[in-house]
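# model the following, please.
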Amino acid sequence: MILDSRNNGGGPHIIPGFPKRKLWADALKKLERDREGLYRVRLDQAFEKYFVPFDSAENGPVPVRSVFILDKTNTDQFEIVSLKGGDKIDPIINNTYRPRFLEGLGGKKEHFRQCAAVAGRAAVMRITRPRKGFRLDELMDLVERNW
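Residues are numbered from 1 along each chain as shown. You can find the predicted model right below:
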């Protein structure tokens, strides 16, 4: 959730969510993380996705400084492109979780305003990563260099 800059005096902020992520079994294996003791996202035994807890350093609103949009490519290279001006807002809007709920709740205008505030204050970068291979360390190095 993004807080309004009028409410916090410092631009758009993110409120941290629950300190857990959902990971597929193959990602856990690549990260050398055991599934033992983890809860499944669904009880369906064929659906091998798990809740993975983590320690969070933040528990209050955090300023939005950067947004990274991840894409895949058939090449073997990572690429990062800094988006400018109006090109920054559509990727933010397109990565909204369950946007169809906004219309029914009457929140489309507020949502657009919040996305525009993020686009106006934060760096927005598109990272294209190779479709094949698990190269998480390289991806994280690229994100850290451009944070």
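# all contacts plus neighbour counts: C-alpha atoms, from now on.
Will do.
# okay, strands next: where are they in the chain?
With DSSP state E as the criterion, the chain has strands at 2-3, 13-14, 20-24, 49-53, 62-63, 66-73, 79-83, 123-130.
# so for residue 93, which of those sits nearest?
Among these, strand 66-73 comes nearest to residue 93, with 11.2 Å by Cα to Cα.
# could you dump the longest helix along the chain to CSV, C-alpha only?
Taking DSSP state H as the criterion, the chain has its longest helix at helix 108-121. Extracted C-alpha coordinates of helix 108-121, given in CSV (Å, rounded to 0.1, in the frame of the first residue of the first chain):
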residue,chain,number,x,y,z
LYS,A,108,-9.3,4.1,-9.8
LYS,A,109,-8.6,7.8,-9.5
GLU,A,110,-6.8,7.5,-6.2
HIS,A,111,-4.8,4.5,-7.5
PHE,A,112,-3.8,6.6,-10.6
ARG,A,113,-2.8,9.5,-8.3
GLN,A,114,-0.7,7.2,-6.1
CYS,A,115,1.0,5.6,-9.2
ALA,A,116,1.8,9.0,-10.6
ALA,A,117,3.3,10.1,-7.3
VAL,A,118,5.6,7.1,-7.3
ALA,A,119,6.5,7.7,-10.9
GLY,A,120,7.2,11.3,-10.1
ARG,A,121,9.5,10.6,-7.2
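# reformat the strands of the chain into TSV and put mean neighbour count next to each item.
Output for these, formatted as TSV (neighbours: other Cα atoms under 10 Å):
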stretch	mean neighbour count
strand 2-3	18
strand 13-14	18
strand 20-24	14
strand 49-53	18
strand 62-63	17
strand 66-73	15
strand 79-83	14
strand 123-130	20
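# those strands: lowest mean pLDDT?
Of all these, the minimum mean pLDDT falls on strand 2-3 (a mean of 55).
# what separates the residue lying farthest from the centre of the chain from residue 39, distance-wise?
In the chain, residue 45 marks the outermost C-alpha relative to the chain mean, sitting 27.1 Å out by Cα atoms, centre = their mean. Residue 45 is 12 Å from residue 39, where distance means Cα to Cα, to the nearest Å.
# no more questions from me, cheers.
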